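Novice: give me the fold of what follows.
(2 chains)
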Amino acid sequence: MQHVSAVREPLVTGGKTLHDVTQDICYQVEAKPNLRWMAALSVALFFLGVFFYSVYRTVWYGIGEWGLNKTVNWAWDITNFVWWVGIGHAGTLISAVLLLFRQKWRSSINRAAEAMTIFAVICAAMFPVLHMGRPWLAFYVFPLQNTLGSLWANFNSPLLWDVFAISTYFTVSLVFWYIGLIPDFASIRDRAKGPIAKFSYSMLSFGWKGSAKAWSRYETVSLILAGVSTPLVLSVHTIVSMDFATSVVPGWHTTIFPPYFVAGAIFSGFAMVLTLMLITRVVFRLEDYITLEHIALMNKIMMVTGSIVGVAYITEFFIAWYSQVEFEQYAFINRATGPYWWAYASMMTCNVITPQLVWFRRVRYSIPLTFALSIVVNIGMWFERFVIIVTSLHRDYLPSSWAMFSPTIIDIGLYVGTLGLFFTLFLLFAKFFPVINMAEVKTILKYTVDNGPTYNPSKAHHAPVQTSTPGVPASAPVTYNQHD
Amino acid sequence: MKYWKGIEELESAPEFMQSAFAEFMPVKESHESKDDTSAPRRDFLKLMGFGVGAAVLASCETPVIKAIPYLNKPEEIDPLISNFYASTYFTGSDYNAVLVKAREGRPIKLEGNPESPITKGGLSARAQAAVLSLYDGGRLQHFAIKGQKAEMKQVDQEIRTKLAGTTGRIAIVSHTIISPSTKKAIAEFAARYPNTTHVMYDAQSATGLLQANGGVVPGYDFSKANVIVSLGADFLGTWISPVEYAKQYVVNRKVSTNKRTMSRHFQFETAMSLTGSNADVRVPVKPSQQGAIALALYNAVVSGGSVSTSTPYGKQLATAAAELKASGSAGLVVSGSNDPAVQSLVTAINQALGNGGTTIGTASSNVRQGDDARMAALVNDMNNGSVGAVIFYNANPVFNHPMGDKVKAGIAKVPLTISFNDRLDETGSLCQYSAPDNHWLESWNDFEPKTGFLSLSQPVITPLFTTRQAQESLLHWAGNNTTYYRFLRANWRGITPTDAAWDKVVHDGVAMGTALPAAPAMTAMSAAAAASQLSGAAKQNGVELALYEKVGLSATGCEANNPFLQELPDPISKATWGNYVAIPRAMAITNKWEQGDVVKVTANGHSIELPVLIQPGQTNGTVSIALGYGRTMAGKAGDKVGENAAPLALMANGIQYMNVVTLEKTSATSPIAQTQTHQTLMDRRPVVQENTLANYKKNPKEVTEYEKVSTPDGMEAPSKVSLWQDYQYNNHHWGMAVDLNSCIGCGSCVIGCQTENNTAVVGKQQVINRREMHWMRIDRYYSSDTHKSDFDTKGKVATYAAMEDPSENPQVIFQPMMCQQCNHAPCETVCPVLATTHSSEGLNQMTYNRCIGTRYCANNCPYKVRRFNWFSYYSNEKFEIVNGHMFTDLGRMVLNPDVTVRARGVMEKCSFCVQRIQLGKLEAKKQKRRPVDGEIVTACAQSCPTDAIVFGDMKDPKSRISQLLRREDGERAFHSLDSINVQPNVTYLTKIRNSESEFFGQEA
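Specialist: Residues are numbered from 1 along each chain as shown, chains lettered A, B, ... in the order given. Model prediction:
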């Protein structure tokens, strides 16, 4: 249990007891799937079907099924890739960086955010493989010994760095997530009734016994992994940005890209976390765990990162002007006023203007507005990548090669298909895995009902909370030590 | 209770106890061991190994390789070694002396024959692509009666019987025939059937020109011309003999420090032609104004009058007239008009200039002999029943003659109809008998393109199908059972009396001598009569139509089933696969038409529906449509591509390729497949440079702008600053120089590259998707009225937007663009798998096997020359029609065995014809010497009719390219996009324009 000032608002509301936490969260796993979940899964599975069909067309006939051309050789594929990788950033940030900064409020959302990260990275990883002309030779990118000749991977290529960055990120995130799941799996195992559930969860929980030693190691590993993955928050999108920044394409060849991409990634990641959390808390009745305070905090992070992104957009224009490089200047003028101006306008509106609404407290604490905002930001961030990729490529150096890009049905199918894949995985996760880290949430319960003063919202911010717990004098000083 | 495993255990014999509780049986140490209890593990492994191996081997299918060795190897043919044979390409419109490259006995590529005094090693795009037509599956593969397969003997017998019984006139209809022996064979046929007439017509008729010049085409020599005035003659693209004229034309266009002069070229034309785009002064005029212009020029030059400047073209015409007069015998006027009056005046002007012997040589050209009046008379005779038999000799008038419908009706009325056409085309399918001619690559023949210049073609492959040379058929029906070869050889006795002389001609492909009978004289109209006729001509009202011929497809339509040519971008509009109505921008704005809107064009009571294309330079109030499209029975690739515009031509004084039309918009739209959709250069001088002759004369060092970058040491050339370690080239360093002053943009190199490198054809939809595969393209930029100098007044955004619009009558610049083989190649660094790397000879090379297709290289290529295999173009059924030659055994014979056919998902690009480089190096190595300069040339450099492309080893100080680069260094030599410091191995030479107007805006 932690030591907190009594004036602090509790992170979990509703006066939950330790048992309540177990009960609330395990219930979702143990109960029969409800109708809403079934309906949502059906929709997700339909889009997963769309995904498989689009993959079939792509792999069987070739990349020609997409709308790419000789000038625009990347479009929706890499847009989607960067978008999904960006979304995957919030998970690590919440689980690692916020852990290191001892932001306790992260506990109720980190599990789902990490799951989102992993699923988003899975979705993202589809694109670098699928966008290859010959995906069956994808293993060429690994520095494997080549028995056929002297060719090896090209360590100059940012695409190779990507391979390492993404695979490292995925592995670390997966391990981090899984280790966090072990104690909770053990709880479910201990409560499980059916033989299949018992077997599955005992396999998943790796024989967790909850001994003090195990807990101590658990804490240590969490901290180490948090330390390991913190640099990844910065490195992954930095390297993704280098896919563009190391090129000679005007509009890509920009040194501001690494910080700009990282900020954008966190921005979009938090937007996606919000989208998912707002749905989950309603569907699974977790309003007491994911409180309005959580939502407001995440809104603030979104606003800050959104503003960083906004500054980056403006800086790019300044640098283009300042460089006095004709091609660079045209690339940015074309971005804002050329044939794809609408994409640029969508990006600016969604990413720079709308997040500023968070300055209003009412917006910050409004669930419908936050939900709308999170969707808008996700759309805006998709357009950001589209703008960077397509509008830079479609008019580069030689006007003779300038071209337009328009997506085919397969392009669209792949994108909505990965949304299907993502939600299928997320819904399965939400049903079969504990969506909230029970073990950690239990540590941040401010008071247990029977032995501590209870937070009184009506008197908050005015005076130390007066307790009315039976058996404890109202004026008695709170001895937090007793909980230890 | 205890169970014993056996009696041994019960007895606890010591031998048993030794191994009873061991986990493993003792290893059998050697074969000699006689111990039964030890397991034969090694034997087991051996047996298993053998068993698995045998099973694996048995399950592998032994590939069946159908390679049959020669029983008697032909002396000349070695597997993997190419042979070159001299031959001649002539399909009734343009003449090219060629060398046929044959591998293992099959022609795979055509190259220009440098021995030819006429085409001098140049080769047109049409000729380049002709090798593909040999393997065209749409050819008729046997003799036929009413379209049904028939035996040659039976056909011969029936035709002979019927010919003998024919009472009426027998007509042989052909395009221009320049073969003396063929004419003799026809004469022999006519001798056997005395009422035979031979009617020649041309799909792009020059009857007017012939009439004005006594029945022949004058022997123009553009190389001697200082002032050229062309009245609608597209002499660099399609008119009479474009390769010959292009060769001549550039002689006076090439400049150097020591020769700072250029010819001056005025072009008065309707549609923007290839020639017009190269002109120094191009004036858009209506087709009906050609007469007035010729008259004004005649009055100015011959009668010494002055040119009225009140007309829209008056000012330029006055300048042209003045310069023409000043140039005297170094002036030349040509006209593409088929109006005998206009041509009479042009002839009179040339005579007045006294250019006979200079710009009009003595050797007249024979490549146009068609007589419109005779053809029209024949068509009428066919319809009135006075023709007893008609033989179509590789002619398809139902399609390509304006009176096609009447020809069709006439054929039905002629009792005996025979076709030599190579397929059951629009005309051939209506004939009773089809006796398909051999392809010219399967044939012997002789040619006399210009009087006194002979040329031979020889078979390079046995006839692929059961066809027979048309001349042989004629001789056969005339009762002469000789082969055409013997007949030809006999005709050549006079010129080559000895076999050695004959062999030399066969080897060289060309000879001097005359064999064609003199052309029938035509009576010319007197200049005075012509002048009075033209001055009395009524003014035209309404929208005027100009019919023109494309550089890729001739007006005959005979190349329609050749997908290489269908996909060759028009040099000006960059459109492929089909024709369109080219309209001026003003017309589009007035009528609110957009590119791709389908309009109905009506003339002569005939209408066709075609999409519109907004063509800068198109004269206001006119539209242009290309001939030769809209075949219906050409074959899979050529059918229903565009519409046939031939019936829209005006029939007056022969065929006039103009008319007054009505246009009506339909509700349909049809996208036009263009390989370039952005038309202007956006004032990007670093991409391509040009300047005026006046500046060049002043100081050649000032015409090219060299970019500098700022460094701590001040402004420096971009190459001075680099993060890279430079490559060391110890042996060769291949480079290319492209003289933009010589390049006329004809596209011959594009097809040369395509045939050499097995580049796939992708079809209309994929071109619309911007996925054409050409490794080499010619970028065409129009000038704009807006320039960077307007930034201050109009603002950048508005200026850039306005710069996208070409001028109404723009200047044009062409830039051949292929892989620049950068020394600091951006593509090489970004490939994750090292599929594209740098060679020790400066080449940027692709390893197809290694490529996984991330396409980052293509994104990072500033020149956008990389091409991705979006589909499997050789096996995906979507491409079976357009890329058919990669699908059938017949078609695959054309593929260059030295170049891989690229798989799906692989990036490809120009390799500087690395297979040719390797071959040249190997040849030199075999002879223990260094490769000689000029021995190794790329396909594009080889085919260039204007020698604009020079390829060679930059390491060799004596090579042409080294000398050229040394000479032009600091003057015209520049690299495209120098400032990004990719250090290309391709150098361009600044275009010099002999005009005052600027492509780029004046420097602010």
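
Novice: contacts and neighbour counts: CA atoms only from here.
Specialist: Will do.

Novice: point me to the helix or strand that includes A:D190.
Specialist: helix A:158-191 (DSSP states H and E).

Novice: buried set for that helix?
Specialist: A:158-166, A:169-170, A:172-174, A:176-189 (16 or more other C-alpha atoms under 10 Å in any protein chain shown).

Novice: give the closest residue to the closest residue to chain A within the stretch 901-1004 of chain B in space, chain neighbours not counted.
Specialist: Per C-alpha to the nearest C-alpha, the residue of the stretch 901-1004 of chain B with the smallest distance to chain A is B:G905, at 3.5 Å. Nearest residue to B:G905, sequence neighbours excluded (C-alpha to C-alpha, 6 or more residues apart in numbering or on different chains): A:G133, at 3.5 Å.

Novice: quick check: the residue lying closest to A:F433 once chain neighbours are set aside vs A:K209, distance?
Specialist: Computed as C-alpha to C-alpha, 6+ apart, the closest residue to A:F433 that is not its neighbour in sequence is A:V29, at 6.5 Å. Look at A:V29 and A:K209: by C-alpha to C-alpha, to the nearest Å, they are 20 Å apart.

Novice: got it, and B:D508?
Specialist: From B:D508 to A:K209 the distance is 95 Å (C-alpha to C-alpha).

Novice: more crowded one of those two?
Specialist: B:D508 (21 against 13; other C-alpha atoms under 10 Å in any protein chain shown).

Novice: ok, now which ones touch the residue nearest to that one when sequence neighbours are not counted?
Specialist: In this structure, B:D508 finds its nearest non-sequential neighbour in B:A86, 6.0 Å apart by C-alpha to C-alpha, 6+ apart. If a contact means C-alpha atoms under 8 Å, 6 or more residues apart in numbering or on different chains, then B:A86 has B:A97, B:V98, B:L99, B:V100, B:N113, B:L456, B:S457, B:Q458, B:V506, B:H507, B:D508, B:G509 as its contacts.

Novice: again with B:T755
Specialist: So B:T755 contacts B:I108, B:K109, B:Q128, B:A129, B:L895, B:N896 (C-alpha under 8 Å, 6+ apart).

Novice: A:Y61 is in contact with the residue of the stretch 901-1004 of chain B closest to chain A, correct?
Specialist: No - the criterion here is C-alpha atoms under 8 Å, and B:G905 misses it with A:Y61 at 9.8 Å.

Novice: between the two, what contacts are shared?
Specialist: Counting by C-alpha under 8 Å, 6+ apart, the residues touching both B:G905 and A:Y61 are B:F871, B:S872.

Novice: so between those two, which is more surrounded?
Specialist: Between B:G905 and A:Y61, counting by other C-alpha under 10 Å, B:G905 is the more crowded of the two (27 against 16).

Novice: who's in contact with the more buried one?
Specialist: Listed by C-alpha under 8 Å, 6+ apart, the contact partners of B:G905 are A:G62, A:I63, A:M132, A:G133, A:R134, B:I852, B:G853, B:F868, B:N869, B:W870, B:F871, B:S872.

Novice: give me the neighbour count for the third one.
Specialist: Per other C-alpha under 10 Å, the neighbour tally for A:M132 reads 23.

Novice: distance of it relative to chain B?
Specialist: Distance, A:M132 to chain B, by C-alpha to the nearest C-alpha, to the nearest Å: 5 Å.

Novice: could you figure out how far the helix or strand that the helix holding A:D190 is followed by is turned away from helix A:158-191?
Specialist: Note on helix A:158-191: by DSSP H and E, the next helix or strand toward the C-terminus is helix A:195-204. For helix A:195-204 against helix A:158-191, the angle by axes from the mean of the first three to the mean of the last three C-alpha atoms, to 10 degrees is 130 degrees.

Novice: by proximity to chain A, which residue of the stretch 451-600 of chain B wins?
Specialist: B:K574 (10.3 Å).

Novice: report the contact partners of that residue.
Specialist: B:K574 sits next to B:Q674, B:T675, B:Q676 when contact means C-alpha under 8 Å, 6+ apart.
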